[in-house]
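1. Have a look; sequence and predicted model below, questions after that.
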Amino acid sequence: MPERAHSLLAAVRGGDATALRRLASEAPGRLDEAGEDGRTPLMLAASTGAEEMVALLLELGADAARRDGQGRTAADLAFENGHADLGQRLGPDAEADRFLR
């Protein structure tokens, strides 16, 4: 796994918004790199219910439509882990709303 992806995932796990912003600014194209389990930082944040991290990742340009190795999106992972409100905000309907505004 690339070091940058590991650092981004560590920042999300730790809830460190400052580090996440810094890392994203240093390498914005790597914001959606997956870790060893195939999950992106957004997927990790969604699966753990970290709403502030999810909001920040979306603000920074994370792709909510990306899928892990099992075909699951961040919304799917939020739903699977009991974070229905977050899953609804990340789902395809919410994505369409963001583009229409």
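-> Sure thing, it's come through.

2. C-alpha from now on. contacts and neighbour counts both.
-> OK.

3. Can you report phi and psi for the residue nearest the centre of the chain?
-> The residue lying closest to the centre of the chain (CA atoms, centre = their mean) is Leu42, at 0.7 Å. Here is the backbone geometry of Leu42 (degrees, to the nearest 10): phi -60, psi -40.

4. mind checking how far it is from Gly49?
-> Distance of Leu42 to Gly49, given as CA to CA, to the nearest Å: 10 Å.

5. Next, find the distance separating the residue nearest to the centre of the chain from Leu9.
-> Distance from Leu42 to Leu9, by CA to CA: 9 Å.

6. can you check Asp68 too?
-> 15 Å.

7. more crowded one of these two?
-> Legend: neighbour count by other CA atoms under 10 Å for Asp68 and Leu9, higher for Leu9 (24 against 17).

8. so what's the more buried one scoring on pLDDT?
-> Looking at Leu9, its pLDDT is 93.

9. same deal with the one 3 residues further on?
-> Looking at Val12, its pLDDT is 94.

10. And Arg67, by the same measure?
-> 94.

11. can you pull the contacts of it?
-> Listed by CA atoms under 8 Å, 6 or more residues apart in numbering, the contact set of Arg67 reads 39, 73-74.

12. Check whether it sits in a helix, strand or coil.
-> With DSSP: H, G, I helix; E, B strand; the rest coil as the basis, Arg67 sits in coil.

13. Quick one: the helices in this protein, in order.
-> Using DSSP state H, the helices of the chain run over 3-14, 17-26, 41-48, 51-60, 74-80, 84-90, 92-100.

14. Comparing these, which stretch has the densest surroundings?
-> helix 41-48 (a mean of 26; mean count of other CA atoms under 10 Å).

15. Having no further points to raise, I will conclude here.
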